[in-house]
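>>> 3D, please:
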Amino acid sequence: MRLLRTDKATLEIRSNVRTLTLAERSVLFLADGSRTADDIAAAWSKGDCAAMLASLVERGYLQAEPQAMPAASPPPPPPAIPVATAADAFGGRRSLAAARMFLFDLCERFFARRDPALAAALRDRLRNARDRAEMLRVADELLQRIEEAADSDRAQSVRVRLDALLPREEATALP
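Predicted coordinates for the structure are as follows:
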């Protein structure tokens, strides 16, 4: 039985809002309609893939391809998400306030669901940062946590964005 992603799964993959674990999202990428449940289980070496697949089917993220249909070519890949987004093309004034708001947003997107206590602590430290040096110390910690949670490439791209928001004389303050 071949597994297909549902519209719900496609939305989960494309959206910035994450409701599934990283493992479940990874399995969704493997379920592209060209693989069977056994193929996916063989490719996934971590944990009980069969239980995860059953759970994803039950929750409406995957569906079994009907047996009566002849084997079709895999569906075309979803359209690529553009690399440059509106957030990348920041045309506003550089300011500490803009950088602080960006850091609050990062805190929410990266940690609010996966580590609420860390998110709350970072938000409090950002709120209480009364000068540029303290805000940049919090930013550095946040970037280190992003690197641990994601990878160094992701942290570096966030550093570049933050650098674009900081006033020019302060933009070089980040490591």
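>>> Every contact and neighbour count from this point should use C-alpha atoms.
Will do.
>>> Which parts of this protein are strands?
Applying DSSP state E to the chain gives strands spanning 3-5, 62-64.
>>> The last one - contacts with which helices or strands?
In terms of contacts (3 or more Cα pairs under 8 Å, 6 or more residues apart in numbering; DSSP states H and E), strand 62-64 is packed against strand 3-5, helix 49-58.
>>> can we see that at 10 Å?
Packing contacts for strand 62-64, counted by 3 or more Cα pairs under 10 Å, 6 or more residues apart in numbering; DSSP states H and E, involve strand 3-5, helix 7-14, helix 49-58.
>>> Can I get the strands of the chain in JSON lines including mean pLDDT?
What follows is the strands of the chain, written out as JSON lines (pLDDT from 0 to 100):
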{"stretch": "strand 3-5", "mean pLDDT": "84"}
{"stretch": "strand 62-64", "mean pLDDT": "84"}
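>>> Point out the most buried one among the ones you listed.
strand 3-5 (a mean of 24; mean count of other Cα atoms under 10 Å).
>>> if we can go back for a sec, ok, which of the strands of the chain comes nearest R168?
Smallest distance to R168 across these (Cα to Cα): 45.7 Å, for strand 3-5.
>>> List the pairing partners of that closest one within its sheet, with orientation.
strand 62-64 (antiparallel) (DSSP bridges).
>>> Need the per-residue pLDDT for the nearest residue to A155 once chain neighbours are set aside.
For A155, ignoring the flanking residues on the chain, the nearest one in space by Cα to Cα, 6 or more residues apart in numbering is E147 at 5.1 Å. pLDDT recorded at E147 is 88.
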